[in-house]
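> Pasting a predicted model and its sequence here:
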Amino acid sequence: NFYEEMVFFKNGNKFIFEVSISNIYSANIQVGKIIILHDITRFVLSEEATDSIEKRYRALFENSSDGVYISTPDGKYIDANQSLVNILGYESREELLAVNTKNLYFSEKDRPSQDERNEAFTVPLRKKDGSKVWVEISPRVINDKDGSILYQGIARDVTERKKLQENKL
């Protein structure tokens, strides 16, 4: 038996086939071959398109100047971009991912409940060195594929804006 993927072009269009070739025997003598072509073009092109979309969204996540994160309700980071690592003063993504988000709040009352995570809020957070950074967080509660609840958010450093507001008072 022989299996291979083959690509053909016709009129500028790409066609992808899975080719299967098997020998046909009669009384232990090969009398022919059977060739099966299975058109897998849609599947492969769909997979390529999905990969391309995923790469674009990953680039958007990674290259945002704002901090972007995904966490669980109990405070475990699932993912965070480098901008959030920088805003919070950590050395690496891995170091930040090991921190429980609950420990970033100066006060438990500053941490919004799940019901309060549908609108933006401004809050001081504790940086790695213990200093304060003011962030405006645009949060969202989502249901993951497995039915669990996750928090997604964008955190923007508004420390300078907060200082200007305080100086005007």
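Now that the structure is in, tell me what you want to look at. Just so you know, these numbers come straight off a predicted model, no measurement behind them.

> Okay, Ala27 and Asn100: tell me how far apart.
72 Å (Cβ to Cβ, to the nearest Å). C-beta: built from backbone N, CA, C; applies to glycine.

> Between those two, which is the more surrounded one?
Neighbours around Ala27 and Asn100, counted as other Cβ atoms under 10 Å, are more numerous at Asn100. The numbers are 12 against 5.

> Would you check that that one makes contact with Lys76?
Yes: Asn100 lies in contact with Lys76 (Cβ atoms under 8 Å); the separation is 6.5 Å.

> Quick check: neighbours shared by the two?
When Cβ atoms under 8 Å, 6 or more residues apart in numbering defines a contact, no residue borders Asn100 and Lys76 alike.

> So for the most centrally placed residue in the chain, what pLDDT did the model give?
Ranked by distance to the mean C-alpha position of the chain (Cα atoms, centre = their mean), the top residue is Arg58 at 5.9 Å. pLDDT, Arg58: 80.

> what bits of the protein have low per-residue confidence?
169 (pLDDT under 70).

> Which strand in this structure has the most residues?
strand 13-26 (DSSP state E).

> next SSE after that strand?
strand 29-39 (DSSP states H and E).

> who does that next one touch, helix- and strand-wise?
strand 13-26 (3 or more Cβ pairs under 8 Å, 6 or more residues apart in numbering; DSSP states H and E).

> Parallel or antiparallel, which strands does the strand it packs on pair with?
strand 2-10 (antiparallel), strand 29-39 (antiparallel) (DSSP bridges).

> could the ones you listed be laid out in TSV, adding mean neighbour count and distance to Thr159?
Shown next, in TSV, are those (neighbours: other Cβ atoms under 10 Å; distance: least, Cβ to Cβ, whole Å):
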stretch	mean neighbour count	distance to Thr159
strand 2-10	10	54
strand 29-39	10	57
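
> Please convert the ones you listed to TSV, extending it with distance to Val19.
Converted to TSV, the strands paired with strand 13-26 look like this (distance: least, Cβ to Cβ, whole Å):
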stretch	distance to Val19
strand 2-10	5
strand 29-39	6
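
> Out of those strands, flag the one nearest Tyr90.
strand 2-10 (44.3 Å; Cβ to Cβ).

> how about the CA coordinates for stretch 107-114, as CSV?
The C-alpha coordinates for stretch 107-114 follow below in CSV (Å, rounded to 0.1, in the frame of the first residue of the first chain):
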residue,chain,number,x,y,z
SER,A,107,-6.7,45.8,48.6
GLU,A,108,-9.2,42.9,48.0
LYS,A,109,-11.9,45.5,47.6
ASP,A,110,-10.1,46.8,44.5
ARG,A,111,-10.5,43.4,42.7
PRO,A,112,-13.9,43.4,40.9
SER,A,113,-16.2,40.4,41.2
GLN,A,114,-17.1,38.4,38.2
